[in-house]
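Student: what follows is a predicted structure for the sequence shown.
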Amino acid sequence: MTNLKDYFQKKYPTNTEEEIMIKVLDHMKRQFFNTFPQKDKDDTMSTSSQGSMASNMFEGLAGESQPDEEPTPEDFWDALIQNMAQQSQKGKAQQ
């Protein structure tokens with residue numbers, strides 16, 4: 001991450017430290033999303049894995065909500081950033 005920070009500081013010398021970090025995180029986010037295969041919106045479930053509608057209707061446990069969709073790469077990214085922020089706050093609190 002230090003190399004990316006140095007790169008963006010040289011490319012945008014007038015930007016603040018915070019603006020540089022945003023550029024670094026945006027770059028990392030694009031790279032992260034590129035590691036996931038691209039899916040068509042219409043091709044979310046293959047016909048072989050759909051099964052019958054009746055068998056899939058009540059598969060969840062009683063009293064537990066089931067997600068409507070599989071997590072997206074954005075969901076993983078948001079969770080990663082949230083985890084990093086929490087770790088950063090814990091580190092600052094211990095100092």
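Tutor: Great, that's in hand.

Student: buried ones in the helix ranked longest in the chain?
Tutor: Ordering each helix of the chain by length in residues (DSSP state H) puts helix 73-94 first. In terms of neighbour count (16 or more other CB atoms under 10 Å), helix 73-94 has its buried residues at P73. To be clear about C-beta, it is placed using only N, CA and C from the backbone, and glycine gets the same treatment.

Student: helices and strands around it, which ones?
Tutor: Packing partners of helix 73-94 (3 or more CB pairs under 8 Å, 6 or more residues apart in numbering; DSSP states H and E): helix 17-34.

Student: tell me the mean pLDDT for the longest helix of the chain?
Tutor: Helix 73-94 comes out with an average pLDDT of 80.

Student: restricting to C-alpha, output it in CSV.
Tutor: In CSV, the C-alpha atoms belonging to helix 73-94 read as follows (Å, rounded to 0.1, in the frame of the first residue of the first chain):
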residue,chain,number,x,y,z
PRO,A,73,-18.3,-8.1,-4.5
GLU,A,74,-19.4,-4.7,-3.2
ASP,A,75,-20.7,-6.5,0.0
PHE,A,76,-17.3,-8.1,0.5
TRP,A,77,-15.5,-4.8,-0.1
ASP,A,78,-17.8,-3.0,2.4
ALA,A,79,-17.2,-5.7,5.0
LEU,A,80,-13.4,-5.5,4.4
ILE,A,81,-13.3,-1.7,4.8
GLN,A,82,-15.6,-1.9,7.9
ASN,A,83,-13.3,-4.5,9.4
MET,A,84,-10.2,-2.4,8.7
ALA,A,85,-11.8,0.7,10.2
GLN,A,86,-12.7,-1.3,13.4
GLN,A,87,-9.2,-2.6,13.7
SER,A,88,-7.8,0.9,13.3
GLN,A,89,-10.1,2.2,16.0
LYS,A,90,-9.1,-0.6,18.3
GLY,A,91,-5.4,0.2,17.7
LYS,A,92,-6.0,3.9,18.5
ALA,A,93,-7.9,3.0,21.7
GLN,A,94,-5.1,0.8,23.0
